[in-house]
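# Coordinates for the following, if possible.
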Amino acid sequence: MGVQKYFFSKEELYELYINQKKSTRKIASELQIPKTTIELHLKRLGIPLRTKSESMKERMKRDVDRNKNLIKARYDIKNYAEIYRQIHRKRRQNKIQEIEKQQGQSIKDILNKLYLDQKMSIGKIGKFFGFGNRTVSRLLKGNNIQIKPRTWLLAH
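Have a look, this model is predicted:
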C-alpha cells in the first residue's frame, strides 16, 4: 500500500479554515483524512495556523452561540447541574415525541411491543432508539412496565 496524496487548492483550504473558521480537526473529519495532513497543507500553502488561544476563542464563540444557557450555567456552579439536567430532559422529551410521531403510537405501546412482546433487551431497545440503558429503564419504570431479570429474556 503506497502513500496517499491529497491535493487542495489554496482557495479551498483558505475558505474552510479562515473564512468559515473551521478547525483542522473538523476539516479533516469532513474530508475523511488525517488532521496532520490538513496542517501540513496549510503550512505548505502559506496559510497561517491559529494559536491555541485563538482556537479557544473561536471555540467559545461557537459554544456560546450553540447553547447560551449552558455556557452561562458553567460560571454559576450552583445552577449548572440543574440547567444541564433540564436541557437533557428537554432533548430526551423531543426525541420521545419524534419516536411517537414516527411510530404512530405512544411510547408505552412501543415499549410494550418491543420489551414484552418481541422480548428485546433494554440495551437493544436503547441502541434502536439512540438512548442509553438507564434512560430505557427509566422509561419502562415511568410507564409502569415491570423490568424483568436478565435470565427472563434468555429463557423465552
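
# Following the chain onward from the longest helix anywhere in the chain, which element is next?
The helix spanning the most residues in the chain, taking DSSP state H as the definition, is helix 77-103. Along the chain past helix 77-103, the next helix or strand (assigned with DSSP states H and E) turns out to be helix 107-111.

# Could you check how far the next helix or strand after that next one is from the centre of its chain?
Downstream of helix 107-111, the next assigned helix or strand under DSSP H and E is helix 122-129. Helix 122-129 has its C-alpha centroid displaced from the chain centroid by 16 Å (Cα atoms, centre = their mean, to the nearest Å).

# Now do the buried residues in helix 122-129.
122, 124-126, 129 (16 or more other Cβ atoms under 10 Å). C-betas here are computed from N, CA, C, even on glycine.

# and the angle for that helix with helix 77-103?
Put simply, helix 122-129 runs at 80 degrees to helix 77-103, going by axes from the mean of the first three to the mean of the last three Cα atoms, to 10 degrees.

# got the contact list for the residue nearest to the spatial centre of the chain?
When the chain is reduced to its mean C-alpha position, the nearest residue by Cα atoms, centre = their mean turns out to be residue 130, at 10.2 Å. Going by Cβ atoms under 8 Å, 6 or more residues apart in numbering, residue 130 touches residue 95.

# where's it relative to residue 138, distance?
15 Å (Cβ to Cβ, to the nearest Å).

# just residue 61 next, same as before
35 Å.

# same question, residue 26
Taken as Cβ to Cβ, the span from residue 26 to residue 138 is 34 Å.

# pLDDT weak spots in the chain?
1-4, 62-80, 152-156 (pLDDT under 70).

# One more pass at 50, please.
By pLDDT under 50, the low-scoring segments of the chain are 1.

# quick one, domains of it?
Domains of the chain are assigned by automatic domain parsing as 10-50, 67-104, 105-156.

# right, so of these, which gets closest to residue 57?
Of all the domains of the chain, the one in closest proximity to residue 57, counting by Cβ to Cβ, is domain 10-50 (9.0 Å).

# Just the terminal-to-terminal distance for that closest one.
End-to-end distance for domain 10-50, by Cα to Cα, to the nearest Å: 16 Å.
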